[in-house]
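Undergrad: Give me the fold of what follows.
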Amino acid sequence: MSGTRIKTRKRNIAAPLDPAAFSDAVIQIYLDNAGDLELVAKNIESAELNFSRYGDTFFEVVFTGGRTQPGTIKPDEGERHPYSIIECEAKREAILPSVIYIQKILRRKPFLIKNLENVMRRFLQSLELFEENERKKLAIFTALAFSQKLSGLPPESVFQPLLKDNLVGKGLVLPFITDFFKEYLVDNSLEDLISILKRGKMEDNLMDFFPSAKRSAEGFSEHFTKAGLVPLVEYNEKKMFEVKLKDMKSALTTQITEGSDISEVIESVKQRVKDAKLPDIEVVRILWDVIMDAVQWSGKNQQQNANSALRQVKTWAKLLNSFCTSGKLELELIYKVQMQCYEDAKLMKLFPEIVRSLYDQDVLAEDTILYWFRKGTNPKGRQTFVKALEPFVNWLEEAEEEE
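TA: Residues are numbered from 1 along each chain as shown. This is a model prediction of the structure:
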């Protein structure tokens, strides 16, 4: 037996995790180069450190100067350095070098973007553990990260963690997002900001950043106007207006398609107009669109299409009449008819018949029709429609002379 060799199976023994040693090595690089981020970046790139294993630890060191305790932002044991983002002044010129530094690191080690995401998500979910000034620094960093198009950082990683009810309720998110907006818009357009919000699935949910007690259109306008972000206020008002129009159009489409009682439809529209404070001119446009969208068109049979359109006008004339309450609104309705007949080939020849039908149903007054005929300003198909309407206008003028 003494000459027999016993073969043992080789085992892959994983090296134990040692984030402390990794952290200390990175901190030493910062200290050795006195926080000069260009030199730090060069030394980081050449250092034989296991970034794929300790990526989160690396960004903890970048942001806070050292390791943080698991699941928190509290400092863990070990060395720290004073050149972190949290130790910077809360100014873009102080924080921008850190963004550029991270960009350099990510170009060489693109796999680290996931670790940056992890750490940012954790910090943003823990905003209440940061001081007010530190939250401002994080907001400035985040804005500059998107402004500099930091390699592959997805907006949802930033915005979604901010929507935790306790953070929003404590009023911590609104100042953060306000600082973010202000800083981002220094170098970028409102369209760029909206694009980021869209990718972060936040474009339609800006109110969610407000505590429930302040969550109103008035609260939104007041807050962001005071913050000097008037273009954002105007954008949000336009967005909310579009949502109200869409809601009204959807409800009206259902009622008209189902053939609801016209008196009920009128009352329903009036209530929506009152609640949403919709301008009369938009209401008239929506009414016409919905009424005509509900027509059952018949392929290429021109006569059937004409009959269907005129029947629809007659059926819902009372609805139109209830909201075309001035010459200006009647004129808007004619322009709406003009545009639809111009854009839809099957309605091109129907313009004079629709106008005549609206006149017969007392929706359009003679003066409005004559005004459009003589002075109408919309050029789309105007020459054709004026010529087509001429016999009816001659009849109106002759009737007027006889009276």
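Undergrad: which stretches of the stretch 201-350 of the chain form helices?
TA: 217-226, 230-257, 262-276, 280-293, 302-315, 317-323, 327-343 (DSSP state H, counting those that start in this stretch).
Undergrad: Tell me which of those sits nearest to Arg356.
TA: Comparing those against Arg356 with C-beta to C-beta, the closest turns out to be helix 302-315 (9.0 Å). From N, CA and C alone the C-beta is placed, and that goes for glycine too.
Undergrad: on contacts alone, who are the packing partners of that closest one?
TA: Helix 302-315 sits against helix 280-293, helix 351-360, with contacts defined as 3 or more C-beta pairs under 8 Å, 6 or more residues apart in numbering; DSSP states H and E.
Undergrad: Can you redo those helices as JSON lines, where the extra columns are mean pLDDT?
TA: Conversion of the helices and strands packed on helix 302-315 to JSON lines gives the following (pLDDT from 0 to 100):
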{"stretch": "helix 280-293", "mean pLDDT": "94"}
{"stretch": "helix 351-360", "mean pLDDT": "95"}
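Undergrad: In TSV, list the helices of the stretch 201-350 of the chain along with distance to Glu77 and mean neighbour count.
TA: What follows is the helices of the stretch 201-350 of the chain, written out as TSV (distance: least, C-beta to C-beta, whole Å; neighbours: other C-beta atoms under 10 Å):
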stretch	distance to Glu77	mean neighbour count
helix 217-226	42	15
helix 230-257	44	15
helix 262-276	59	14
helix 280-293	64	19
helix 302-315	78	16
helix 317-323	72	19
helix 327-343	72	19
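Undergrad: Export these to TSV and append columns for distance to Leu31.
TA: Formatted as TSV, these follow (distance: least, C-beta to C-beta, whole Å):
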stretch	distance to Leu31
helix 217-226	42
helix 230-257	42
helix 262-276	61
helix 280-293	64
helix 302-315	80
helix 317-323	74
helix 327-343	70
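Undergrad: out of those helices, nearest to Phe351?
TA: Of the helices of the stretch 201-350 of the chain, nearest to Phe351 by C-beta to C-beta is helix 327-343, at 4.3 Å.
Undergrad: tilt between that closest one and helix 351-360?
TA: 150 degrees (axes from the mean of the first three to the mean of the last three C-alpha atoms, to 10 degrees).
Undergrad: want to throw the helices and strands packed on helix 302-315 into CSV with distance to Gln338?
TA: Below are the helices and strands packed on helix 302-315 laid out as CSV (distance: least, C-beta to C-beta, whole Å):
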stretch, distance to Gln338
helix 280-293, 11
helix 351-360, 7
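Undergrad: mind checking which of the helices of the stretch 201-350 of the chain is nearest Leu144?
TA: Across the helices of the stretch 201-350 of the chain, Leu144 has its closest neighbour in helix 230-257 (18.5 Å, C-beta to C-beta).
Undergrad: who does the closest one touch, helix- and strand-wise?
TA: Checking 3+ C-beta pairs under 8 Å, 6+ apart, helix 230-257 ends up next to helix 190-199, helix 217-226, helix 262-276, helix 280-293.
Undergrad: between it and helix 262-276, how big is the angle?
TA: Using the same axes, to 10 degrees: helix 230-257 against helix 262-276 is 170 degrees.
Undergrad: Give me the mean pLDDT for helix 230-257.
TA: Mean pLDDT, computed over helix 230-257, is 91.
Undergrad: Where does pLDDT dip in this structure?
TA: 1-17, 70-76, 151, 299, 400-403 (pLDDT under 70).
Undergrad: Would you check that Glu203 makes contact with Ile194?
TA: Yes. Look at Glu203 against Ile194 with C-beta atoms under 8 Å: they come within range, at 6.2 Å.
Undergrad: Run a quick neighbour tally on the closest residue to Phe176 other than its chain neighbours.
TA: Nearest-residue entry for Phe176: Ala139, 4.8 Å, with adjacent residues in sequence omitted and distances by C-beta to C-beta, 6 or more residues apart in numbering. Ala139 has 24 neighbours, counted by other C-beta atoms under 10 Å.
Undergrad: any idea how far Ala139 is from Thr178?
TA: The spacing between Ala139 and Thr178, counted by C-beta to C-beta, to the nearest Å, is 8 Å.
Undergrad: got it, and Ser268?
TA: 39 Å.
Undergrad: what's the answer for Ser250, then?
TA: From Ser250 across to Thr178, the span is 33 Å (C-beta to C-beta).
Undergrad: tell me the contacts of Arg80?
TA: Counting by C-beta atoms under 8 Å, 6 or more residues apart in numbering, Arg80 touches Ile27, Gly65, Gly66.
Undergrad: backbone phi and psi for Thr68, please?
TA: phi -110, psi 150 (degrees, to the nearest 10).
Undergrad: Just the element for the nearest residue to it once chain neighbours are set aside, please.
TA: Leaving aside its sequence neighbours, Thr68 sits nearest to Glu60 (C-beta to C-beta, 6+ apart; 4.9 Å). Using DSSP states H and E, Glu60 sits within helix 55-64.
Undergrad: Could you measure from the nearest residue to Gln255 once chain neighbours are set aside over to Leu167?
TA: Once flanking residues are discounted, Gln255 sits nearest to Val265: 4.9 Å by C-beta to C-beta, 6+ apart. Distance, Val265 to Leu167, using C-beta to C-beta: 44 Å.
Undergrad: Am I right that Asn378 sits in a helix?
TA: No. Counting by DSSP: H, G, I helix; E, B strand; the rest coil, Asn378 is not part of a helix but coil.
Undergrad: In contact with it, which residues?
TA: Taking C-beta under 8 Å, 6+ apart, one finds Tyr335, Gln338, Met339 in contact with Asn378.
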